[in-house]
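S.K.: mind looking at a prediction? Sequence and model below.
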Amino acid sequence: MEIVHLDEPFKIQDLPLTKVYVLDNWLAQPLHHHYDSWISRNNIWSKTNQVESGSSTGLPHHSFWGATFFRHNYELDRDTKVEETWFTRYLDRRLQTEFGFKWVRFQYAGLNSQTVGLQGTTHSDCDKDDAWNLSFLYYPNRFWNPAWGGRLRFYDSPQQGLDGRDEHIKNHQIGEVDFKPNRLIMFDGRIPHGADAPEESARYMDRRSLVIRGDEVRLEEEGENYHANDRFSYIR
């Protein structure tokens, strides 16, 4: 799989995506630092973000600390207050504006937090029939030592749970992207992927990611965009 590093966003012309796109320094520093500061001191977190296993034990494949902002059709999570969603909504609008698309079937927007030992198991964001999907990951941490790990891995096939993870990486990994502050990643959410937990040297530091994804989009039509006076417009 080809990993493409961008200097700036581009208007999507064709779907499904055949490459993984990486854009560094996506947000201006004040916005980046503001968002990370807000999520760091806010009490929005709970141990709820899971990849279910279907096991008779009821236990998931993995369980992260998380915060859910929106689900299908932008429905608020039951424990989420409207005032806690405005910046995520702004980022969502910005993605649609910069990459030139509209959600037809929006799926989810929320945060993940991984600390030492919380390995991400392999999973897909969308059903295999959802060819016109998009998945975005944004890394809001203000600082991250590269030695702390936390890379995102892509695979050519799914794998259940953590058993055999090293062999799966060896035999089925097709690409990887390092964890880096203020980095944005866009890809086809049907591609199996998983995120490494931080290394032990990270100690108490958590690997944070904002997820914004949908099962179907339509490409922006000529002249169609959010207006400058839109409540969620931005200045870069």
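M.R.: Now that the structure is in, tell me what you want to look at. If you're wondering where the values come from, they're calculated on a predicted model, not measured in any experiment.
S.K.: can we go C-alpha only for contacts and neighbour counts from here?
M.R.: Will do.
S.K.: can you give me the pLDDT of the nearest residue to Lys128 once chain neighbours are set aside?
M.R.: Spatial nearest neighbour of Lys128, excluding adjacent residues (Cα to Cα, 6 or more residues apart in numbering): Arg190 at 5.8 Å. pLDDT for Arg190: 97.
S.K.: thinking Arg190 is in contact with Thr122, fair?
M.R.: No. In this structure Arg190 lies outside contact range of Thr122 using Cα atoms under 8 Å: 11.4 Å.
S.K.: please identify which of the two sits among more neighbours.
M.R.: Neighbours around Arg190 and Thr122, counted as other Cα atoms under 10 Å, are more numerous at Thr122. The numbers are 25 against 21.
S.K.: and the pLDDT at Glu221?
M.R.: Looking at Glu221, its pLDDT reads 81.
S.K.: burial of it, as a residue count?
M.R.: Neighbours of Glu221 using other Cα under 10 Å come to 10.
S.K.: quick one: it is in a strand?
M.R.: No. Checked against DSSP: H, G, I helix; E, B strand; the rest coil, Glu221 lies outside a strand; its state is coil.
S.K.: quick check on it: phi, psi?
M.R.: Dihedral angles of Glu221 (phi, psi; degrees, to the nearest 10) stand at phi -90, psi 160.
S.K.: remind me which residues of this structure are low pLDDT?
M.R.: Low-confidence segments of the chain, defined by pLDDT under 70: 47-63, 78, 161-162, 223-236.
S.K.: the strands in it, which residues?
M.R.: Ranges of strands in the chain, per DSSP state E, are 3-6, 20-23, 46-51, 62-71, 75-76, 101-114, 134-139, 152-155, 173-177, 183-187, 193-195, 207-219.
S.K.: ok, and what's touching the fifth one?
M.R.: Right, the one you point to is strand 75-76. The contact list for strand 75-76, computed with Cα atoms under 8 Å, 6 or more residues apart in numbering, reads 69-70, 82.
S.K.: pairing partners for it, with directions?
M.R.: Using DSSP bridges, the strands paired with strand 75-76 are strand 62-71 (antiparallel).
S.K.: can you check the second one too?
M.R.: Each strand pairing with strand 20-23, determined using DSSP bridges, is listed with its direction: strand 3-6 (parallel), strand 183-187 (antiparallel).
S.K.: out of those, nearest to Gly149?
M.R.: Minimum separation from Gly149 across the strands paired with strand 20-23 (Cα to Cα) falls at strand 183-187, 14.6 Å.
S.K.: show me the contacts for Ser157.
M.R.: Counting by Cα under 8 Å, 6+ apart, Ser157 makes contact with 172, 192.
S.K.: and it, how far is that from Ser201?
M.R.: Separation of Ser157 from Ser201 (Cα to Cα, to the nearest Å): 30 Å.
S.K.: swap in Glu75?
M.R.: Plainly put, Glu75 is 38 Å away from Ser201 if you go by Cα to Cα.
S.K.: repeat that for Phe87.
M.R.: From Phe87 to Ser201 the distance is 31 Å (Cα to Cα).
S.K.: neighbour count winner among the two?
M.R.: Neighbours per residue, other Cα under 10 Å: of Phe87 and Ser201, the larger number sits with Phe87, 15 against 12.
S.K.: ok, the closest residue to the more buried one other than its chain neighbours to Asn42 distance?
M.R.: With sequence-adjacent residues excluded and distances taken as Cα to Cα, 6+ apart, Phe87 is closest to Tyr35, at 7.7 Å. According to Cα to Cα, Tyr35 and Asn42 sit 11 Å apart.
S.K.: settle it for me: which of the two has more neighbours?
M.R.: Remark: of Tyr35 and Asn42, Tyr35 carries more neighbours, 17 against 9, as counted by other Cα under 10 Å.
S.K.: quick one: the more buried one and Tyr139 touch, right?
M.R.: No. Judged on Cα under 8 Å, Tyr35 makes no contact with Tyr139 at a distance of 10.5 Å.
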